[in-house]
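Novice: I'd like to go over a predicted model; first the sequence, then the structure.
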Amino acid sequence: MSQASYFDEIIDRIDHNSDKWGKYSSDVIPMWIADMDFDAPKCVKEALSERVNEGVYGYSYAPKSLVQAIQEHCLQRYQWSPSSAHFIHLPGLVCALHLCVRALSEPNDRILVPSPVYYHLTKAPEMSDRKLDRIPFVLKGNRWSVDLDSLEESCKKADASMLLLCNPHNPGATVYTREELLAIHELAQRYDLRVVSDEIHCDLILSAAQHIPFASLNDDAAQRTVTLMAPSKTFNIAGLGYAFAIIANSQLRQRFNHARAGLIPAPNLFALVAAEAAYRHGQIWHQELLQYLRANCAYLRQRISGTRIHMAEHEATYLAWLDIREYHLENPHDFFLEAGVGISDGAGFGAPGFIRLNFGCPRSQLEQAMNRILIALDSQS
């Protein structure tokens with residue numbers, strides 16, 4: 001099947017227990033949650049089918065071959081070679097974020113989070129009796145970037161203990177440059193902060209930017225960082241539940257594992273099978289996906305050209321961050337829902353007046369959603 005026909009295929013997900021498609025009525029196009037409407041890679045489906053046919057579904061552990069596949073992936077894409085001893089296999093990234101805050105900081109510690117950001121990075125401190133400092137993400141030129149002066153002011157506070165990064169940033173679609181990461185690391189080192197780096201979107205780079213794992217910067221960064229990654233967004237297998245942490249510091253790794261014991265289970269066997277198949281054999285599918293997403297992003301930018309919607313430079317992810325403040329909508333979510341499109345309201349990320357729109361879908365679906373959005377906004381003029 002060609003790239004165009006493969007990703008243009010409409011897959012009926014209504015009445016399939018889909019969070020994305022079950023949230024609204026069937027006449028609403030859901031463009032909210034980070035879940036693509038594409039068929040999974042053929043290699044993943046074949047590997048799962050083969051494992052299903054074996055017929056025994058007992059307790060499983062992550063095989064060495066999975067770790068090797070991830071290591072090869074990291075080396076090829078990021079020139080980074082994390083040790084197999086530093087891996088911790090998990091059933092999801094969100095639980096890992098919350099666990100990092102609870103295991104690697106103390107009650108009433110101050111947690112620093114560049115914001116607006118995916119809401120679990122701010123919920124993790126708020127739900128565990130920590131103080132939250134939102135570090136503003138600001139436009140520099142036409143690109144979102146963390147305000148380093150504000151970050152340093154928060155780092156100086158005596159109770160600051162941890163920085164939660166989201167790289168590539170969700171929302172905002174920024175890929176931190178090496179210079180930006182080194183500047184952040186210098187502050188983390190000077191003020192002795194632990195860094196938890198959510199890098200779940202690292203394989204979805206749509207620009208000329210290069211993803212650099214924070215822990216790969218230098219030895220000090222490796223020792224103070226917990227790196228969180230997953231194949232879920234890249235290969236559209238989030239529902240299977242697999243993520244992993246890479247923790248080089250043995251004391252941090254021990255504290256993390258001690259806190260998760262008895263609370264957070266190992267990934268299920270199908271998640272492990274799917275992850276290894278994706279990392280080993282999904283590269284052609286992945287490259288075709290990136291081409292399709294780049295074209296969808298360009299189409300979206302063309303459709304909003306000439307409107308009062310503003311979209312900064314988009315470097316990564318299939319999640320467009322759209323500034324609609326000039327329309328003065330009191331409730332953007334409900335406004336677009338009435339128009340037949342389910343979006344993520346920027347208020348949930350800490351930025352009222354913005355919306356996040358998932359363009360990881362067949363072009364015809366994106367076209368239909370944009371038609372509804374623009375017609376609704378035209379009615380406001």
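Specialist: Yep, it's here. Residues are numbered from 1 along each chain as shown.
Novice: who's in contact with A238?
Specialist: 34-35, 230, 232 (C-beta atoms under 8 Å, 6 or more residues apart in numbering). Backbone N, C-alpha and C define where each C-beta goes, glycine included.
Novice: so which of those is the most crowded?
Specialist: A230 (25 neighbours; other C-beta atoms under 10 Å).
Novice: That residue contacts F244, doesn't it?
Specialist: Yes: between A230 and F244 there is a contact under C-beta atoms under 8 Å: 6.9 Å.
Novice: Now list whatever residues contact both of the two.
Specialist: Joint contacts of A230 and F244 (C-beta under 8 Å, 6+ apart) do not exist.
Novice: Out of the contacts of A238, which comes closest to A369?
Specialist: In terms of C-beta to C-beta, no member of the contacts of A238 lies closer to A369 than D35, at 14.8 Å.
Novice: Now the closest one. Nearest residue, chain neighbours left out?
Specialist: Among residues not flanking D35 along the chain, K20 sits closest, at 4.7 Å (C-beta to C-beta, 6 or more residues apart in numbering).
Novice: could you pull out the strands for the stretch 1-150 of the chain?
Specialist: Shown for the stretch 1-150 of the chain, the strands assigned by DSSP state E, counting those that start in this stretch span residues 29-30, 87-90, 110-115, 131-140, 143-146.
Novice: Same check on the stretch 151-300 of the chain?
Specialist: 160-166, 194-198, 225-229, 243-247.
Novice: list the contacts for the closest residue to S161 other than its chain neighbours?
Specialist: Leaving aside its chain neighbours, S161 sits nearest to D109 (4.2 Å; criterion: C-beta to C-beta, 6+ apart). D109 makes contacts with 130-131, 159-162, as judged by C-beta under 8 Å, 6+ apart.
Novice: correct me, but the residue nearest to D35 touches I11?
Specialist: No: if you go by C-beta under 8 Å, K20 and I11 don't touch, sitting 11.5 Å apart.
Novice: Quickly list what's touching both of the two.
Specialist: D37.
Novice: Look up how far Q291 lies from A298.
Specialist: Distance of A298 to Q291, given as C-beta to C-beta, to the nearest Å: 11 Å.
Novice: Would you mind giving me the PyMOL syntax to select the buried ones in the contacts of D109?
Specialist: A single PyMOL command is used to select the members of those judged buried by 16 or more other C-beta atoms under 10 Å:
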select buried, resi 130+131+160+161+162
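Novice: so which of the strands of the stretch 151-300 of the chain comes closest to Q76?
Specialist: Between these, strand 225-229 lies closest to Q76; by C-beta to C-beta that is 14.2 Å.
Novice: what's that closest one packed up against?
Specialist: In terms of contacts (3 or more C-beta pairs under 8 Å, 6 or more residues apart in numbering; DSSP states H and E), strand 225-229 is packed against helix 93-104, strand 194-198, strand 243-247.
Novice: and for the last one, what are the contacting residues?
Specialist: Counting contacts by C-beta under 8 Å, 6+ apart, the residues outside strand 243-247 that touch it are 70, 82, 86-93, 96, 100, 200, 215, 225-230, 232, 253, 256, 267.
Novice: follow-up on the earlier one: out of the helices and strands packed on strand 225-229, flag the one nearest P168.
Specialist: Closest among the helices and strands packed on strand 225-229, using C-beta to C-beta: strand 194-198, at 9.5 Å.
Novice: how far does the closest one sit from the chain's center?
Specialist: Chain-centre distance of strand 194-198: 14 Å, with C-alpha atoms, centre = their mean, to the nearest Å.
Novice: next one: stretch 201-213
Specialist: 12 Å.
Novice: ok, and what's touching that stretch?
Specialist: Here stretch 201-213 makes contact (C-beta under 8 Å, 6+ apart) with 74, 77-78, 80, 167-168, 170, 173, 175-178, 181, 197, 199, 227, 229, 231, 233-234, 286, 290, 293-294, 297, 313-318.
Novice: Pull the contacting residues for L374.
Specialist: 303-304, 307.
Novice: if we go to 10 Å?
Specialist: 303-304, 307, 309, 339 (C-beta atoms under 10 Å, 6 or more residues apart in numbering).
Novice: cool, and C74?
Specialist: C74 is in contact with 80-82, 202, 213, 216, 227, 229, 246, 279, counting by C-beta under 10 Å, 6+ apart.
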